[in-house]
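> Sequence and predicted structure are below.
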Amino acid sequence: YLRSNFSPRAAKLSLARDLNYLCAKDVDSNESGGTQSEARGAGDQLIAEENHEAVDTCEKQIEVVKQKDAVAKNLLFQDKKKSVWMCVVKHDRQIDTKKLKTKIGAKQSLRFSGDSMGLLKCAKGCLTPLAIQNDADKKIHVLLDVYFKDESPIGVHPCGEAGNTATWTLKAADLKKYITSFGTTVTEIDFENLDVPKNDKDKGGNKKKKGGKGKKPQKGKTTEKKKVNKEGIDVKKADNPFLWYSQCIYRSGMLEKYDVSGCYVLRPWAFNIWEGITQFFDARIKLLGVKNCYFPLFVPERNLTKEKDHVEGFAPEVAWVTKSGKSDLKEPIAIRPTSETVMYPYYSQWIRSHRDLPLKLNQWCNVVRWEFSYPTPFIRTREFLWQEGHTAFATRLEAEEEVLTILGLYKSVYEDLLAIPVIKGKKTEKEKFAGGLYTTTVEAFIPTSGRGIQGATSHCLGQNFAKMFNISFENTEKKKSFAWQNSWGLTTRTIGVMVLVHGDDKGLVLPPKVAPIQLVIVPILYTKTKEQVLKKGEELRKAFVDAGIRCEFDDTDNHNPGWKFNTYELKGVPLRLEVGPKDLDKGTATLVRRDDGKKVVAKFEDLPKVAKALFVQIHDDMLNRAREVRDKRLRKVTTWKDFVQALKDKCMIMAPWCGEMAAEELIKKKSGEMGPETFDLGEDGTDEVCTMSGAAKSLCIPFKQDPMPSGTKCISCDLGYPDREAKMWCLFGKSY
């Protein structure tokens, strides 16, 4: 009857009959001998109906109903194995899904299910427990808030269609009987207190035996496990860098997991950092004459396959659209992994003469690269944000000058904005961009994992794509020439590198230039001086904002100062200002640095100036510390024995190399025989361990080359490769 053509009154009566049958009360006049009006009257006793304007949230529903405390919020959760739970809770409940997972014994993390239509035929915003009859496969378990006791009223929508123009209020006991009549289980849960009682179960789920009276634990031992902190970081960075990283990005409010593996929700704390990076870089490329544009997300198959090396390089990563509704598309459409083949057919139309050059375009967009075994947020994801510049020139000299100019800007993003040292260099033929002439790169280093990571790349494409897409022009001598092209890109990976390099055991450590909040004011409040302290705090906030500092005054009263200190340390805010009654008496306040914990006391009137100076010092100190750590772990070797030891010591390696691809492949193969590295991600990551290759690959050929001693052999000669004299120093290492 929920999805039938019954009138609301007929549907209500039908539900009343079901409920009365379950409660052993005969309402149907055909069975009891009563009249139809008597049946309706009995139905009204069981179900109180309020008609109102259409609502799609609990907040709106509360505004239009009389029994406000009876309104229930209905939420649908599922795990990766598609087990589904419907939570029917008091309208103002906030649910901690991690605690709920433990409470109900779920094996995997819970997330919101967006399939209420597929599971229960309920439109978005119209979920109701009365639709449980549509759960034909019995996939759903109902969790009912203990707030709704048997005789308590509970208000729900009568149908799962769009509109929600009525609220039915019935007893919780009657609702439970209705739900269980379809074979669905109902479990009562105390959502207000989801903590699992201590010592009540052992690891196997068996009840523990209670100890005798007066029995005390042995000295030096504890009888219960330490409570796990779900708000801060509870693993040390050095012990498990991957689990630490997972906790950092989720618990600090940077990311949220999404239902598609390898895709993530960028919350404001992360997106604000990305905006800072985009503004920094965008302003600088515009000074070079680059203009922003936007090209479509989809790539026709015929365009993608035009350049053989290019399509082979990206083939495993390409996601394809093959259907529209239930019909097959005439031609599969790729979702862009990069945009050379999207943009260049139009370059061939726009470029006709040398007067049309140079053409310098850039777009800020998303791309999709699908094929990899383990996604790492920010570092290696199936969808990510980036900028991609695509330029065309009349001569090779112009193109090569721009390649290095852009690479210099990428270095500036890392070092001048994010306080991360990088090494500039050129990729080997094996590692260069598919279809390009050569690739330049900036490489960073992650000390805790001992792995290098590609920061950004600037490619000289030569004339290869120009010939494929006929990007030609009439030169000054009135002859046909092909354009020289470049492409260059910087992604949201920058944020992940920043977290990995600077973060510590307390959480994020943000460089001041990209921190969404550069300074937070935390008042120390006492009843007698509360108003004065709050007033001074607001005055200081205005002074900081007027000085161009991104400042927040946390005058909330639901947490104490210690909790706030920990929260803003977790989020990585560069400076914290503490203001209390003693500070008012002295006319000073204390600034606390996030990067090293040092404190600086300054007069109220000097605080903006002091804070600005500290931001400069913090940036420089963060960069210098990161460079010092990297340089200590950058090891120069000339023998394979030292090469292997350097890998074991989590170092990047500068080794002599002959420049031959076969030698490079042999180095990677032999180093890979050390075996992969496995890391346990625990409950904050996926349910599987993270396994990463133990092989060392070439990261780049650094532009800055130390003199090569005469007679130095390629590092591969120790592995049985034919004797070759080394031609250059090459940077090798494990990578992400």
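Cool, the structure landed. Numbering: from 1, shown residues only.
> So which residues of the stretch 551-700 of the chain form strands?
Using DSSP state E, counting those that start in this stretch, the strands of the stretch 551-700 of the chain run over 551-553, 575-579, 588-593, 599-603, 634-636, 652-657, 677-679, 690-692, 697-702.
> For Leu110, find the nearest of those strands.
Of all these, it is strand 690-692 that lies closest to Leu110, at 21.2 Å by C-beta to C-beta. From N, CA and C alone the C-beta is placed, and that goes for glycine too.
> Now do Lys139, the pLDDT please.
For Lys139, the pLDDT comes out at 85.
> And it, how far from Ser327?
For Lys139, the distance to Ser327 (C-beta to C-beta, to the nearest Å) stands at 30 Å.
> Looking at the two, which is more packed in?
Legend: neighbour count by other C-beta atoms under 10 Å for Lys139 and Ser327, higher for Lys139 (14 against 7).
> Leaving out sequence neighbours, find the closest residue to the more buried one.
Spatial nearest neighbour of Lys139, excluding adjacent residues (C-beta to C-beta, 6 or more residues apart in numbering): Val84 at 5.0 Å.
> first vs last residue of stretch 389-402, how far apart are they?
Stretch 389-402 has an end-to-end distance of 11 Å (C-alpha to C-alpha, to the nearest Å).
> quick one: contacts for the most centrally placed residue in the chain?
Ranked by distance to the mean C-alpha position of the chain (C-alpha atoms, centre = their mean), the top residue is Leu255 at 3.4 Å. By C-beta atoms under 8 Å, 6 or more residues apart in numbering, Leu255 lies in contact with 249, 264-267, 270, 377-378.
> beta partners of it?
Judged by DSSP bridges, the bridge partners of Leu255 are Leu266.
> So the residue nearest to Lys139 is in contact with Gln78, correct?
Yes - with contact defined as C-beta atoms under 8 Å, Val84 reaches Gln78; the gap is 4.7 Å.
> one step back: next one: the residue nearest to the centre of the chain from Cys248, what distance?
10 Å.
> Kindly report the same for Leu361.
Plainly put, Leu361 is 36 Å away from Cys248 if you go by C-beta to C-beta.
> Looking at the two, which one has more neighbours?
The neighbour comparison of Leu361 against Cys248 (other C-beta under 10 Å) goes to Cys248, with 28 against 20.
> So the more buried one belongs to a helix, correct?
Yes - counting by DSSP: H, G, I helix; E, B strand; the rest coil, Cys248 is found in a helix.
> neighbours around Gly245, how many?
To be clear, residue 245 is Tyr; Gly isn't right here. If you count neighbours by other C-beta under 10 Å, Tyr245 ends up with 28.
> Find the helix or strand that it is a member of.
Using DSSP states H and E, Tyr245 sits within helix 241-251.
> Give me the mean pLDDT for that helix.
Here helix 241-251 scores 93 as its mean pLDDT.
> repeat for stretch 113-122
75.
> Please identify the buried residues of it?
Within stretch 113-122, the residues that count as buried by 16 or more other C-beta atoms under 10 Å are 113, 116, 119-122.
> And for stretch 358-368?
So, applying 16+ other C-beta under 10 Å, buried residues of stretch 358-368: 358-363, 365, 367-368.
> List phi and psi for Tyr346.
Here is the backbone geometry of Tyr346 (degrees, to the nearest 10): phi -80, psi -30.
> Return the distance of it relative to Thr338.
Distance of Tyr346 to Thr338, given as C-beta to C-beta: 16 Å.
> These two: who's more crowded?
Ranked by neighbour count (other C-beta under 10 Å), Tyr346 and Thr338 place Thr338 first, with 21 against 14.
> Tell me which helix or strand in the protein has the weakest average pLDDT.
helix 29-32 (a mean of 41; mean pLDDT, DSSP states H and E).
> rewinding a little: need the buried residues of stretch 358-368 in CSV with pLDDT, can you?
Output for those, formatted as CSV (pLDDT from 0 to 100):
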residue, pLDDT
Pro358, 97
Leu359, 98
Lys360, 98
Leu361, 98
Asn362, 98
Gln363, 98
Cys365, 97
Val367, 93
Val368, 93
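> For the protein, give me the ranges with low pLDDT.
For the chain, the stretches with pLDDT under 70 are 1-45, 80-81, 114, 116-117, 124, 159-163, 196-230, 307-315, 371-373, 678-691.
> hey, which helix is longest across it?
For the chain, the longest helix by residue count, based on DSSP state H, is helix 607-632.
> which helices and strands does the helix or strand encompassing Thr278 pack with?
In this structure, Thr278 sits in helix 268-286 according to DSSP H and E. Helices and strands touching helix 268-286, by 3 or more C-beta pairs under 8 Å, 6 or more residues apart in numbering; DSSP states H and E, are strand 359-368, strand 383-393, helix 396-412, helix 493-502.
> Now it - C-alpha only, CSV.
The C-alpha coordinates for helix 268-286 follow below in CSV (Å, rounded to 0.1, in the frame of the first residue of the first chain):
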residue,chain,number,x,y,z
PRO,A,268,37.1,22.8,3.0
TRP,A,269,40.3,22.4,5.1
ALA,A,270,42.0,20.6,2.2
PHE,A,271,40.3,22.5,-0.6
ASN,A,272,41.3,25.9,0.9
ILE,A,273,45.0,24.7,0.8
TRP,A,274,44.5,23.8,-2.9
GLU,A,275,43.0,27.2,-3.6
GLY,A,276,46.1,28.8,-2.1
ILE,A,277,48.3,26.7,-4.4
THR,A,278,46.2,27.5,-7.4
GLN,A,279,46.2,31.3,-6.7
PHE,A,280,50.0,31.3,-6.2
PHE,A,281,50.7,29.4,-9.5
ASP,A,282,47.9,30.9,-11.6
ALA,A,283,49.1,34.5,-10.9
ARG,A,284,52.6,33.6,-12.1
ILE,A,285,51.7,31.8,-15.3
LYS,A,286,49.5,34.7,-16.3
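> so how far is that helix off the chain centroid?
Centroid displacement of helix 268-286 relative to its chain, using C-alpha atoms, centre = their mean, to the nearest Å, is 17 Å.
> Report all helices and strands that the following helix or strand past it contacts.
On the C-terminal side of helix 268-286, the closest following helix or strand by DSSP H and E is strand 291-292. Here strand 291-292 touches strand 359-368, going by 3+ C-beta pairs under 8 Å, 6+ apart.
> And stretch 182-193, what's buried?
Buried residues in stretch 182-193, counted by 16+ other C-beta under 10 Å: 184, 186, 188-189, 191.
> Now go through those residues and say which are in strands.
The strands, defined by DSSP state E, take in 186, 188-189 from the buried residues of stretch 182-193.
> one step back: residues near the residue nearest to Lys139, how many?
Counted by other C-beta under 10 Å, the residues lying close to Val84 total 19.
> Please give me every residue in contact with it.
Counting by C-beta under 8 Å, 6+ apart, Val84 has contacts 76-78, 113, 119, 139-141.
> Quick check: the gap between it and Lys467.
Going from Val84 to Lys467 by C-beta to C-beta gives 55 Å.
> what does Ala547 give?
Counting by C-beta to C-beta - Ala547 and Lys467 are separated by 55 Å.
> where do the contact lists of Val84 and Gln78 overlap?
Applying C-beta under 8 Å, 6+ apart, one finds that Val84 and Gln78 are jointly contacted by Ser113.
> does Lys176 count as helix, strand or coil?
helix.
> Find the nearest non-adjacent residue to it, please.
Once flanking residues are discounted, Lys176 sits nearest to Val186: 5.0 Å by C-beta to C-beta, 6+ apart.
> What's opposite the one you found in the beta bridge?
Applying DSSP bridges to Val186, the residues it is bridged with are Val142.
> contacting residues for Leu143?
The contact partners of Leu143, by C-beta under 8 Å, 6+ apart, come to 85-89, 100, 104, 186-189.
> Which two among the residues you listed are spaced furthest apart?
Longest span within the contacts of Leu143, C-beta to C-beta: Leu100 and Val186, 15.8 Å.
> so Val321 touches Phe298, yeah?
Yes - using C-beta under 8 Å, Val321 makes contact with Phe298 at a distance of 7.0 Å.
> what do those two both touch?
Residues touching both Val321 and Phe298 (C-beta under 8 Å, 6+ apart): 333-335.
> Dump these to CSV, plus secondary structure, neighbour count and distance to Cys58.
Output for the shared contacts of Val321 and Phe298, formatted as CSV (DSSP: H, G, I helix; E, B strand; the rest coil; neighbours: other C-beta atoms under 10 Å; distance: C-beta to C-beta, whole Å):
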residue, secondary structure, neighbour count, distance to Cys58
Ile333, strand, 18, 41
Ala334, strand, 23, 42
Ile335, strand, 17, 37
